[in-house]
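Asker: Sequence first, then the predicted structure, then my questions.
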Amino acid sequence: MPDKFVQAQLSAMLMGAVARIKANHKELSRLDSFGGDGDHGSAMLRAADAIAKTVSGAKKKATKDLLSDTAWAVMGIDGGATGPLLGSFFLGMSDAAGKGKSLDAKGLSALFISGLEGVMKNTPARAGDKTMLDALIPAVEAMQTGAKAGAGIPDCLKSAADAAAKGAETTSKMKARFGRAKNLGDKSIGNKDAGAVSMSLIFKGFSEGVESA
Amino acid sequence: MPDKFVQAQLSAMLMGAVARIKANHKELSRLDSFGGDGDHGSAMLRAADAIAKTVSGAKKKATKDLLSDTAWAVMGIDGGATGPLLGSFFLGMSDAAGKGKSLDAKGLSALFISGLEGVMKNTPARAGDKTMLDALIPAVEAMQTGAKAGAGIPDCLKSAADAAAKGAETTSKMKARFGRAKNLGDKSIGNKDAGAVSMSLIFKGFSEGVESA
Amino acid sequence: MPMKKFVNKPEDLVSELLRGFALANADKIKVLDNNLVVRARPKAKNKVAIVTLGGSGHEPALSGFVGEGMLDISVPGDIFAAPGPPKVIEALRMANRKAGVLFIVLNHAGDVLSSNMALEMAKREGLNVRKVLTHEDISAGSRKNPTDRRGLAGCLAVIKVAGAAAEKGKSLEECAAIAERMEANLATLAVAVSAATHPATGGVIADVKEDEMVVGMGQHGEAGGGTQKLKSADETAAIMLDALIKDLKIKKGEEVLAIINGVGSTTLMEQYIVLQSVKKVLDRKKIALARCLAGEFLTVQEMGGFQMILGRMDKELLSLWDAPCHCPAWSVK
Amino acid sequence: MPMKKFVNKPEDLVSELLRGFALANADKIKVLDNNLVVRARPKAKNKVAIVTLGGSGHEPALSGFVGEGMLDISVPGDIFAAPGPPKVIEALRMANRKAGVLFIVLNHAGDVLSSNMALEMAKREGLNVRKVLTHEDISAGSRKNPTDRRGLAGCLAVIKVAGAAAEKGKSLEECAAIAERMEANLATLAVAVSAATHPATGGVIADVKEDEMVVGMGQHGEAGGGTQKLKSADETAAIMLDALIKDLKIKKGEEVLAIINGVGSTTLMEQYIVLQSVKKVLDRKKIALARCLAGEFLTVQEMGGFQMILGRMDKELLSLWDAPCHCPAWSVK
Ligand SMILES: Nc1ncnc2c1ncn2[C@@H]1O[C@H](COP(=O)(O)OP(=O)(O)O)[C@@H](O)[C@H]1O
Ligand SMILES: Nc1ncnc2c1ncn2[C@@H]1O[C@H](COP(=O)(O)OP(=O)(O)O)[C@@H](O)[C@H]1O
Ligand SMILES: [Mg+2]
Ligand SMILES: [Mg+2]
Ligand SMILES: [Mg+2]
Ligand SMILES: [Mg+2]
């Protein structure tokens, strides 16, 4: 595996996320059913299909375009809260992608940072609010730390995935303040947030996709 | 107990039926629930209340008027099939009642025959169709036999009640051909017809009411 | 298990529901002291009046069909129980007029008994009343034994065309002929998937096994018809539609009306899905879906399931179907 | 346990239900290829257009509110899931006109996210769009934290008065002000007694114990509010109405609108009974029930329960409420 990242690797990374989501959508719906409406898995499944379709139709697209096409495809799934938020993550990544054809770990990290900003622009939720951000923020931070330390993309993604998983884990102790689950109040404590788990699956899939590429 | 029958005895007879129905309405609804819509008991309860109200407001009414008032009260209960059929039984009895103030067993038997005709005028159902007629017909016949043999009213009513009970019993082997239960077809076999049971309760109540008067 | 219904005392069910009904539809109907439901603005006296009767608990039916282009008077009974003859004769007297009264009766034992007794009295009093019986349920008997067939939600179509004819000033004979023509060309089949509870007795009506459905269930939970494994919307629609088409002997090229009537907890979403299934089957058979409708018109408390109604339409019936109406349950502009 | 619903493949739910919806309401609406729901006869271009968006599975809401005197375009999403921004921006473009577009959004995370992203694009493109958020659910937060409050079936009242204002030729500013005034004077509270199943996932939403009810249940089965023992219609109505009156600070002598919105398997019979309970409580408190309505407008599949909506009315709001409308879910003449 080259330490520069070209379109084929980006596609593999995205397809890794697709595979992870497809394998776990039922669990995501189950988690959403505690305080939400039990459909997060099916929304993520549609998002995964939309990503897969975009990737497979994207022979030789520039990174920027592949990411913005992915964003629009995800936003187009009619996916409740998931579509717009996940879409704005990819749209944010696309915004930061330059014209260049390849990316190193620092470059990918910069894309993730911009993706996170895209999400945060669209929701008042912050760390600790029991949302997907509780997986996304630590993942992006771990990626950044790794890149700064000079690690390659695969290692950086592995630590990002670990951080996301840990972040998702912590949401079970949190009280939901956004999304449908907020109506549960204190009763939301005890179960992991569906969106945080799906975000951790995405990073796990990113890492696996790049490994196998 | 006098062997002539005056208004007080007629009232007691009707009130005996009221008491019997009130004590058994749940069982009547239960029987109706097998193939019908499970409301025969509540219809009979309303019929009983209507009869009781008429009787209690009927100080010194002629037999004819007491019976026709009872008929209209029963028809007024919005009781599905029960109201009109039971109403036409009492209306038929009223039709045959003369101006005289007292009745012997033969006279009461003639009233019941006319009541039965009132019912049969209003439904094509006949003996063996698993309806209230399967209790009413044997009851009226037993009454007639007793009266012809010279028995007094209490004895006649007792044998009428026995005949009605036996008749109701036989309906469990019949296939419903009228009323909502007919839609059950062969599956209607095995349970007694609700209407036949309520008719047998009425005759049982008639007999008890007269005994206690 | 306690009944999960928002009710008060069982004996007040009908009077309370009629009070709420009157509040919610004050622009369209009035509930009189004797519980008869009449139009807020009565129809002109020189037009035929239309009267029906029937048990309560099927809301919006039948009182929800009172209004412009539909019924003039509905006589509501107790829950699932026909009103008694005294109330029915009152309604016929109130509706009576030179132009005549069309009296639409759904074929159920109680309704038929009450209406026949009331009709007899009406005739004795010289009232100008003409009765039409609806009995379009194909599950309960063959077309040759019409009295075996129950009157289900197809009454909506009969009331609609007769109501439009009356509003147009047609004579009693003409209105009755139109109602009878619609009725003769109408077929209904019901399917049930889950039970309801009787709101007064709390008794369960029409229990259906977990993985089953019952085709041919009556609208009071009377059993009947074919118990079978649950099927998809497309499959269920095809089974039911085939039976209806066969019963009516509908041929390629004919024009039909289809109504999906939700009976309780089956959602409008599902009713729409079934309707598109119906369209697919009719397209395959080259039968034209000239008009259609979906919604809860005649319910069976919270029973799960629906009634599928199919009608063979001709030009006049179509134009009467399209005529305006405005009643609590339905509005055509 | 298999789901007792008449559906086909989960992924076809929305397209199939929209196909049936279009068949059943061809005189009132059209469903475009991109699934946007528009009026059969478009409103004049010199009048303000009204657009909304929302997940499916709540039929007849929200697409059933498209029609004369109500909405111009509805953007349906997937089951219980807001449509994505791309479809919403398409709708805003299509509705755009000099008179302007009033964009009514129910406060749910997905709807707000999609509508905000679409609005941002609309602004960039210079479209003349004004957004109004509905959030009248009093169970989910105090009036001081409006963003915590969900948008429930009260949107019907907001759409009704804004729709009538637009039809009368009022400006975008005026229409928005009317919508906001209605919204500010509106309060909704839901009660659930029995669960529903998600038609795509088969998952149970909002399980309620046998002898309990949940006041404050959201319209997707999101938990919340007060679990309590089942109560009678009169008692439940009094509890809910007291909370609504308190929230809106309604005083003796004021005029209110009350809507009982059945959410699924709770019968119209019960909705009417609850409405008469409401009237009794208001009479006791000397608050005038100026207008009322009962029916299924925004459902939660086959969930048992209802939403009670209370609105403080003024003269203008009352006259807009009384104005004609004609859409699949409702008709005022
Ligand atoms: N306002 C918000 N900000 C950030 N994340 C949110 C917000 N609302 C919801 N989410 C995330 O979305 C997840 C639910 O997504 P999903 O079930 O697909 O959407 P919906 O709630 O519309 O059904 C939640 O678990 C949470 O992580
Ligand atoms: N056509 C009929 N002729 C004679 N008896 C009938 C007929 N229809 C119904 N019944 C009797 O009425 C009983 C049912 O009464 P009820 O439950 O009160 O009325 P409904 O069937 O309208 O609910 C049946 O058990 C049967 O005995
Ligand atoms: Mg969800
Ligand atoms: Mg019965
Ligand atoms: Mg009955
Ligand atoms: Mg959702």
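Answerer: Here it is on my side, so go on. This one's a predicted model, so the numbers in the text were calculated from it and none came from an experiment. Ligands and ions are numbered 1, 2, ... in the order given.

Asker: ranges for the strands of the stretch 101-250 of chain C?
Answerer: Taking DSSP state E, counting those that start in this stretch as the criterion, the stretch 101-250 of chain C contains strands spanning C:101-106, C:129-134, C:186-194, C:196-197, C:204-205, C:212-215, C:226-229.

Asker: With respect to ligand 6, which of those strands lies nearest?
Answerer: Among those, the nearest to ligand 6 by C-beta to the ion is strand C:186-194 (24.7 Å). Where C-beta positions appear, they are placed from N, C-alpha and C, glycine not excepted.

Asker: Between the strands of the stretch 101-250 of chain C, which one is closest to chain A.
Answerer: strand C:186-194 (20.5 Å; C-beta to the nearest C-beta).

Asker: Check chain A for the residue nearest ligand 4 and tell me.
Answerer: Closest point on chain A to ligand 4, by C-beta to the ion, is A:Gly38, at 40.0 Å.

Asker: contacting residues around that residue?
Answerer: Residues in contact with A:Gly38 (C-beta atoms under 8 Å, 6 or more residues apart in numbering or on different chains) are A:Ser29, A:Arg30, A:Asp32, D:His198, D:Thr201, D:Gly203, D:Val204, D:Ile205, D:Gly221.

Asker: Please tell me how far it sits from A:Ala160.
Answerer: 28 Å (C-beta to C-beta, to the nearest Å).

Asker: For the stretch 151-300 of chain C, which residue gets nearest to chain A?
Answerer: Going by C-beta to the nearest C-beta, chain A is nearest to C:Met269 of the stretch 151-300 of chain C, at 14.7 Å.

Asker: Same question for the helix or strand harbouring A:Gly115: list its buried residues.
Answerer: Take DSSP states H and E as the rule and A:Gly115 turns out to sit in helix A:105-122. For helix A:105-122, a neighbour-count test (16 or more other C-beta atoms under 10 Å in any protein chain shown) marks A:105-120, A:122 as buried.

Asker: Could you find the closest non-adjacent residue to residue 31?
Answerer: In the absence of a named chain, chain A is used. A:Ala194 (4.0 Å; C-beta to C-beta, 6 or more residues apart in numbering or on different chains).

Asker: that's the wrong chain, I wanted chain C
Answerer: Using C-beta to C-beta, 6+ apart, the closest residue to C:Val31 is C:Ala22 (4.3 Å).

Asker: residue of chain C with the smallest distance to ligand 6?
Answerer: For chain C, C-beta to the ion, closest residue to ligand 6: C:Met269, 15.0 Å.

Asker: Just confirm that residue contacts D:Ser56, I think it does.
Answerer: Yes - the pair C:Met269 / D:Ser56 is scored as a contact, 7.3 Å apart, by C-beta atoms under 8 Å.

Asker: so where is the chain shaky, pLDDT-wise?
Answerer: Let's take chain A. A:1-4 (pLDDT under 70).

Asker: Chain C, not that one
Answerer: Using pLDDT under 70, chain C drops low at C:1, C:218-225.

Asker: one more time with 90
Answerer: Residue ranges of chain C with pLDDT under 90: C:1-3, C:140-148, C:201-208, C:210, C:216-227.

Asker: tell me the domain boundaries of it?
Answerer: Following automatic domain parsing, one gets these domains for chain C: C:10-185, C:186-321.

Asker: Including distance to B:Lys175, could those domains go into JSON lines?
Answerer: Formatted as JSON lines, the domains of chain C follow (distance: least, C-beta to C-beta, whole Å):
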{"stretch": "domain C:10-185", "distance to B:Lys175": "13"}
{"stretch": "domain C:186-321", "distance to B:Lys175": "13"}
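
Asker: any chance of those in CSV, with distance to A:Gln144 and mean neighbour count too?
Answerer: Below are the domains of chain C laid out as CSV (distance: least, C-beta to C-beta, whole Å; neighbours: other C-beta atoms under 10 Å in any protein chain shown):
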stretch, distance to A:Gln144, mean neighbour count
domain C:10-185, 61, 22
domain C:186-321, 46, 22
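
Asker: what's the offset of the helix or strand where C:Met308 lies from the middle of its chain?
Answerer: If you go by DSSP H and E, C:Met308 is part of strand C:304-312. Chain-centre distance of strand C:304-312: 11 Å, with C-alpha atoms, centre = their mean, to the nearest Å.

Asker: Quickly check: whichever helix or strand comes after it near chain D or not.
Answerer: Using DSSP H and E, the next helix or strand after strand C:304-312 towards the C-terminus is helix C:315-322. No - among the residues of helix C:315-322, none lie within reach of chain D under C-beta under 8 Å from any C-beta of the partner chain; the closest is 8.5 Å away.

Asker: What angle do strand C:304-312 and helix C:315-322 make with each other?
Answerer: 140 degrees (axes from the mean of the first three to the mean of the last three C-alpha atoms, to 10 degrees).

Asker: Does anything pack onto helix C:315-322? Which helices or strands?
Answerer: Helix C:315-322 is packed against helix C:155-167, helix C:172-184, strand C:255-262, strand C:288-295, with contacts defined by 3 or more C-beta pairs under 8 Å, 6 or more residues apart in numbering or on different chains; DSSP states H and E.

Asker: Which residues does it contact?
Answerer: By C-beta under 8 Å, 6+ apart, the surrounding residues in contact with helix C:315-322 are C:157, C:160-161, C:164-165, C:168, C:178, C:181-182, C:185, C:255, C:257, C:290-291, C:311, C:313, C:332.

Asker: Try it again at 7 Å.
Answerer: C:Lys160, C:Val161, C:Ala164, C:Ala165, C:Ile178, C:Met182, C:Leu257, C:Ala290, C:Arg291, C:Val332 (C-beta atoms under 7 Å, 6 or more residues apart in numbering or on different chains).

Asker: mind checking the backbone torsions on the residue in chain A that ligand 1 sits nearest to?
Answerer: Closest residue of chain A to ligand 1, C-beta to the nearest ligand atom: A:Gly195 (2.0 Å). Recorded main-chain torsions at A:Gly195 are phi -70, psi -40, according to degrees, to the nearest 10.

Asker: could you measure the residue nearest to it when sequence neighbours are not counted against ligand 5, distance?
Answerer: Of all residues beyond its chain neighbours, the one nearest A:Gly195 is A:Met132 (3.6 Å), with distances taken as C-beta to C-beta, 6+ apart. In this view, A:Met132 and ligand 5 are 55 Å apart by C-beta to the ion, to the nearest Å.
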